[in-house]
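> Any chance you can model this:
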Amino acid sequence: MVKLRPAVPSRLPVALRRHKRFVVEVDGMPGGYVRSAALKNRLGRHDVKTALAEGRPLRGLFSPAQRALLAAHALGHIRIDELSVLAPST
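This next block holds a predicted model:
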């Protein structure tokens, strides 16, 4: 998943908002809320674990649309292959 937080959905491209794997979420907290937008991708059960074990670049785990979204909003500070896996890959 590539998630933008905070997000203003109306400022995102129409093609992205119409993507079948695009979702908008609202996180509530005391005193307010924040909207986030995410572009999800379904992977096989062991895809992440296999990619890490084989030393393959992480970019291969993201769809072209996800890579484009990250490139458009990462402001050049984040390279996709420098990301870390934070959740269990089982």
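> any idea how far M29 lies from K3?
Distance, M29 to K3, by Cβ to Cβ, to the nearest Å: 17 Å. The C-beta positions use only the backbone N, C-alpha and C, and glycine is treated the same way.
> which one of the two has more residues nearby?
Neighbours per residue (other Cβ atoms under 10 Å) separate M29 from K3, with K3 holding more: 14 against 7.
> Quick check: that one is in a strand.
Yes: residue state for K3 (DSSP: H, G, I helix; E, B strand; the rest coil) corresponds to a strand.
> Begin at 158, not 1, for the rest of this chat.
Sounds good: first residue 158 from here, last item K160.
> what sits against it?
Taking Cβ atoms under 8 Å, 6 or more residues apart in numbering, we find K160 in contact with 193-195.
> could these be laid out in a markdown table, adding secondary structure?
Shown next, in a markdown table, are those (three-state DSSP):
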| residue | secondary structure |
| --- | --- |
| S193 | strand |
| A194 | strand |
| A195 | strand |
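> Can I have the buried ones of these as a ChimeraX selection?
Restricted to buried positions by 16 or more other Cβ atoms under 10 Å, the ChimeraX selection for those reads:
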select :194,195
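> Let's see the pLDDT reported for the residue nearest the centre of the chain.
The centre of the chain sits closest to V159, judged by Cα atoms, centre = their mean, with a distance of 0.7 Å. pLDDT recorded at V159 is 89.
> How many residues are close by V205?
Neighbours of V205 (other Cβ under 10 Å): 17.
> Tell me if I am right that it is in a strand.
No: using three-state DSSP, the assignment for V205 is helix, not a strand.
> And it, how far from G212?
Separation of V205 from G212 (Cβ to Cβ): 13 Å.
> Ok, G201 next?
Using Cβ to Cβ, G201 is found at 18 Å from G212.
> Most distant residue from the centre of this structure?
Outermost in the chain, Cα atoms, centre = their mean: G188 at 26.7 Å.
> check contacts around it.
Under the criterion of Cβ under 8 Å, 6+ apart, G188 has no neighbours.
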